[in-house]
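Peer 1: coords below, sequence missing:
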């Protein structure tokens, strides 16, 4: 094939990125070593829900790329979610100050630049940080995602799904970890063995393993991430009074000690959005763009059920107006079934210092369309703030591959001042909704006969007594068992306070037999609930299509999620 001239290559890129609708401006093309500001590289705003990948070695500029894209999305009225792992993205709330170096860069690519601040909402997972606390109830989080955090195998994950089904069926609300612990402890007790036998496929030994893993989570302090008030993911879809999209930054400063929790919680947010949002079709702009940083953490060691659920979510959430951008080091960090759905690619430089690096480089090159670049050379020689780009154009075809010098953000590239973050959080409308944890009566209280601990003005006072038929067996103490297991795991005395045993005359009873559902649906709806809870996503969809109220109450989403809002509909 004849080699193209520089002018021909330039014409190809100019034509490929000539778009009619609103766009996200990414930068200017570099062709044969020369920067051409008359060859802008851009991404159609309407194609942002076709998902994307931002990849590259550490230090090549991935975070700045997210920053720059988030600014333009916000300006276009599109809400943005960012996993702010290092705290660097909080600078979006502060206007940047120009410099000679910055001016030279922006002028070289034809970027009109002015320092700007953007509307930012700061969240913190479980209150672990400065932001508004984000929590999920255990029942909403679901068995598939919880199994991921607990690192259960496939058999144990299936067994946990049966535990969730039992709790759903018997009206045992799983709000926090102690609720789930109480249900499992009941099923493994002498009084609960009949119930355990009814759940075919759940052995007492497996339930015991799950219980140990659960108590281990509590011993590590992870219980604060589960509870009420549960975060409503619709909060991520807000716009500011001036019409700009709100940029939501979720931080977890202790990520290095909880990487699995962080990545899995991000997937819960997506799964909850997926279940809540209506079909939207092709929109002029997405309802939300979700940047999922450190994406490799999401897939490392994932079970088949978890990977299948991710693939399904990515494939279907597009039609609900949500775009997902995975951020990681190399495309090989993302499973092929997911990678094949990422139409928009921003690939920063890769390093090839080892044979493994060289293999990853070749694999990355193979995922790009044919181009006028020697991509192996280009990807190893690209500078900081440069990336190889191809996106989906307005007709659904890939644009020409272009080495691009990327635009500069207009807000501060780095952390915002702590005082600004604190004042922003203090003035947030979300703080009143989610700032104070509450502990409403739930499965733990029903099975133990103990009242919920007061947690603040929002916590309701416990009612006088526990309903008959919804309390624990005589002589059974969930807290004592939890203390024993914690001491065995940690090799030190438990920090849990000992509880005063209830008088024998007040000994609670095991849960009563579940009463027939009054809603329509009958046997078919009940069967759908059993199969959906025990066997996974495909049967859930089938049962949901029956349209029964029973199915809506008991069946769970693609990840086994079941938010409070959906259960109350």
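Peer 2: Yep, it's here. Please read these numbers as outputs of a predicted model, since none were measured by experiment.
Peer 1: buried stuff in stretch 17-25?
Peer 2: Across stretch 17-25, burial judged by 16 or more other Cβ atoms under 10 Å covers 17, 19, 23, 24, 25. To be clear about C-beta, it is placed using only N, CA and C from the backbone, and glycine gets the same treatment.
Peer 1: with stretch 443-453 instead?
Peer 2: Counting neighbours by 16+ other Cβ under 10 Å, stretch 443-453 gives 443, 444, 445, 446, 447, 448, 449, 450, 452 as buried.
Peer 1: so which helix or strand takes in the fifth one?
Peer 2: Taking DSSP states H and E as the definition, one finds residue 447 inside helix 443-448.
Peer 1: what is the mean pLDDT for that helix?
Peer 2: Across helix 443-448, pLDDT averages out at 92.
Peer 1: give me the helices and strands touching it, please.
Peer 2: For helix 443-448, the contact count by 3 or more Cβ pairs under 8 Å, 6 or more residues apart in numbering; DSSP states H and E identifies helix 177-187, helix 478-490 as packing neighbours.
Peer 1: weakest of the ones you listed in terms of mean pLDDT?
Peer 2: helix 478-490 - the lowest mean pLDDT of these, at a mean of 55.
Peer 1: just the buried residues of stretch 17-25: which are in strands?
Peer 2: Judged by DSSP state E, the buried residues of stretch 17-25 include 23, 24, 25 as members of strands.
Peer 1: turn those into TSV, including pLDDT and distance to residue 149.
Peer 2: Formatted as TSV, those follow (pLDDT from 0 to 100; distance: Cβ to Cβ, whole Å):
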residue	pLDDT	distance to residue 149
23	96	39
24	97	34
25	97	39
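Peer 1: name the residues of stretch 387-398 that are buried.
Peer 2: 387, 388, 389, 390, 391, 392, 393.
Peer 1: residues contacting the closest residue to the last one other than its chain neighbours?
Peer 2: Which is residue 393. Residue nearest to residue 393 in three dimensions, not counting chain neighbours: residue 399, with 5.2 Å by Cβ to Cβ, 6 or more residues apart in numbering. Residue 399 makes contact with 16, 17, 389, 390, 391, 392, 393, according to Cβ atoms under 8 Å, 6 or more residues apart in numbering.
Peer 1: how much space between the fourth one and residue 24?
Peer 2: Residue 390 sits 14 Å away from residue 24 when distances are taken as Cβ to Cβ, to the nearest Å.
Peer 1: returning to what we had before: from the contacts of residue 399, which land in strands?
Peer 2: Among the contacts of residue 399, the members falling in strands (DSSP E) are 389, 390.
Peer 1: just the contacts of residue 399 now: which is nearest residue 94?
Peer 2: Nearest to residue 94 out of those is residue 389 (Cβ to Cβ; 27.7 Å).
Peer 1: beta partners of that closest one?
Peer 2: residue 346, residue 402 (DSSP bridges).
Peer 1: isn't it up against residue 400?
Peer 2: No. Counting by Cβ atoms under 8 Å, residue 389 does not reach residue 400; the two are 9.4 Å apart.
Peer 1: Three-state assignment for residue 325, please.
Peer 2: Under the three-state scheme (DSSP: H, G, I helix; E, B strand; the rest coil), residue 325 adopts strand.
Peer 1: local confidence estimate at it?
Peer 2: On the pLDDT scale, residue 325 gets 95.
Peer 1: please verify my assumption that it contacts residue 288.
Peer 2: No. Residue 325 lies out of contact with residue 288 (Cβ under 8 Å); the separation is 11.4 Å.
Peer 1: show me which of the two is the more surrounded one.
Peer 2: The neighbour comparison of residue 325 against residue 288 (other Cβ atoms under 10 Å) goes to residue 288, with 27 against 23.
Peer 1: surely that one meets residue 274?
Peer 2: No. Counting by Cβ under 8 Å, residue 288 does not reach residue 274; the two are 11.3 Å apart.
Peer 1: shared neighbours, those two?
Peer 2: Joint contacts of residue 288 and residue 274 (Cβ under 8 Å, 6+ apart) are residue 322.
Peer 1: which member of the ones in strands among the buried residues of stretch 17-25 is positioned nearest residue 365?
Peer 2: Among those, residue 24 lies closest to residue 365 (Cβ to Cβ), at 24.7 Å.
Peer 1: so how far is residue 15 from the closest one?
Peer 2: Note on residue 24: its distance to residue 15, by Cβ to Cβ, is 19 Å.
Peer 1: then residue 365?
Peer 2: 24 Å.
Peer 1: show me which of those two is the more surrounded one.
Peer 2: residue 365 (20 against 11).
Peer 1: which residues of this structure fall in strands?
Peer 2: 23-31, 34-44, 52-55, 80-84, 120-125, 132-134, 247-251, 288-292, 322-328, 344-347, 386-390, 402-406.
Peer 1: give the pairing partners of the first one; include direction for each.
Peer 2: Translated: strand 23-31. When DSSP bridges is applied, strand 23-31 pairs with strand 34-44 (antiparallel), strand 402-406 (antiparallel).
Peer 1: what helices or strands is the longest helix seen in the chain leaning on?
Peer 2: The longest helix of the chain (DSSP state H) is helix 259-276. Applying 3+ Cβ pairs under 8 Å, 6+ apart, one finds that helix 259-276 contacts strand 80-84, strand 120-125, helix 138-150, strand 288-292, helix 296-299, helix 304-317, strand 322-328, helix 564-567.
Peer 1: just the residues contacting the fifth one, thanks.
Peer 2: When contacts are taken as Cβ under 8 Å, 6+ apart, the neighbours of helix 296-299 outside the stretch itself are 259-260, 262-264, 266-267, 292, 307, 310, 328-329, 333-335.
Peer 1: quick one: residue 222 and residue 177 touch, right?
Peer 2: Yes. The criterion here is Cβ under 8 Å, and residue 222 meets it with residue 177 at 7.5 Å.
Peer 1: neighbour-wise, which of the two wins?
Peer 2: A direct count of neighbours by other Cβ under 10 Å for residue 222 and residue 177 places residue 177 higher, at 22 against 18.
Peer 1: could you double-check that that one sits in contact with residue 218?
Peer 2: Yes. Using Cβ under 8 Å, residue 177 is in contact with residue 218, at 5.4 Å.
Peer 1: quick revisit: are any of the contacts of helix 296-299 buried, and which?
Peer 2: 259-260, 262-264, 266-267, 292, 310, 328-329, 333-334.
Peer 1: and of the residues you listed, the nearest to residue 236?
Peer 2: Ranked by distance to residue 236 (Cβ to Cβ), the buried ones among the contacts of helix 296-299 are led by residue 266 at 11.4 Å.
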